[in-house]
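[1] I'd like to go over a predicted model; first the sequence, then the structure.
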Amino acid sequence: MTKAEREARQKERAYELRRIERELGAQGFRFIAGVDEVGRGPLAGPVVAAACVLPADFEGLGIDDSKKLSEKKRELLAEQIREAALCYGIGEASNHMIDQINILQATKIAMRRAIEKANEMLQARCGEEIDYVLFDAMEIREVELPQRSIIKGDATSISIAAASILAKVYRDHLMIEMDGAYPGYGFAQHKGYGTAAHYQALRAHGLTPIHRKSFLKNL
């Protein structure tokens, strides 16, 4: 595939990803936040959510579901998204909260925190507020805004895809920091997920303060 063909395909994909945002814009919604999370499955670390409002003319070439992108590509796109976004926010729920209230409820709290932070940034920058929320396969009634839950939203909506990239890059950096705080567990490599190497480290060294005890009841 030539460079021109690759760029043409990226433009086509970006246009497709903006379809839902275009439809909502035609209905009068101006500040549409895509919201996604990362880290529901790991044995350690927080669950992290991001909310992101993009300008209508944002091209977003190369943006897609964060799981489909290389680490290098995610890093580059995250920087572009942060520079171009009207606003964005990151929300976390700790491993302790996950143990206390379960991963689903903790994920919802992380998402609400992300929306609140994004809304604060939007208010500070232009005196406006988020007026619609797109969730990736989630409904949060406590968020009192028009909203839509989209199955595989990170592969369907450019706003959700952008949020998935921001959340993934943020959490990966956090787990790399945890690798320094708790050496020997390989957090920089597996980011807290249940790999064979991670389980081997747990059997050798036991749990750290960032492990999810409710996910490791047999250890």
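    That came in fine, so what should we check first? Computed from a predicted model, the values in this text were never measured in an experiment.

[2] that's a helix at L207, yeah?
    No. Counting by DSSP: H, G, I helix; E, B strand; the rest coil, one finds L207 to be coil, located in no helix.

[3] dump the residue contacts of it.
    L207 makes contact with 213, 216, 219, according to C-beta atoms under 8 Å, 6 or more residues apart in numbering. C-beta here means a position set from N, CA and C on the backbone, and glycine is covered the same way.

[4] so which of these are in strands?
    Among those, the subset assigned to strands under DSSP state E is empty.

[5] in helices, which of these fall?
    Counting by DSSP state H, those place none of their members in helices.

[6] between the residues you listed, which has the most around it?
    Within the contacts of L207, most neighbours by other C-beta atoms under 10 Å means L216, with 15 neighbours.

[7] name the nearest residue to that residue, sequence neighbours excluded.
    L43 (6.0 Å; C-beta to C-beta, 6 or more residues apart in numbering).

[8] tell me, how many residues neighbour the one you found?
    22.

[9] again with G91
    Number of residues near G91 (other C-beta under 10 Å) recorded here: 26.

[10] cool, the one 3 residues further on as well?
    Neighbour count for S94, taken as other C-beta under 10 Å: 17.

[11] tell me if I'm right that it and P46 touch.
    Yes. S94 lies in contact with P46 (C-beta atoms under 8 Å); the separation is 5.0 Å.

[12] got the contact list for the worst-scoring helix or strand of the chain on mean pLDDT?
    Among the helices and strands of the chain, helix 3-17 carries the lowest confidence by mean pLDDT, DSSP states H and E, at a mean of 84. For helix 3-17, contacts defined as C-beta under 8 Å, 6+ apart pick out 1, 59-64, 156-158, 161.

[13] out of the residues you listed, what pair is the most spread apart?
    Longest distance between any two of the contacts of helix 3-17 is 25.6 Å, between M1 and S157; criterion C-beta to C-beta.

[14] so for these two, which sits in the more crowded spot?
    The residue with more neighbours, out of M1 and S157, is S157; 27 against 7, by other C-beta under 10 Å.
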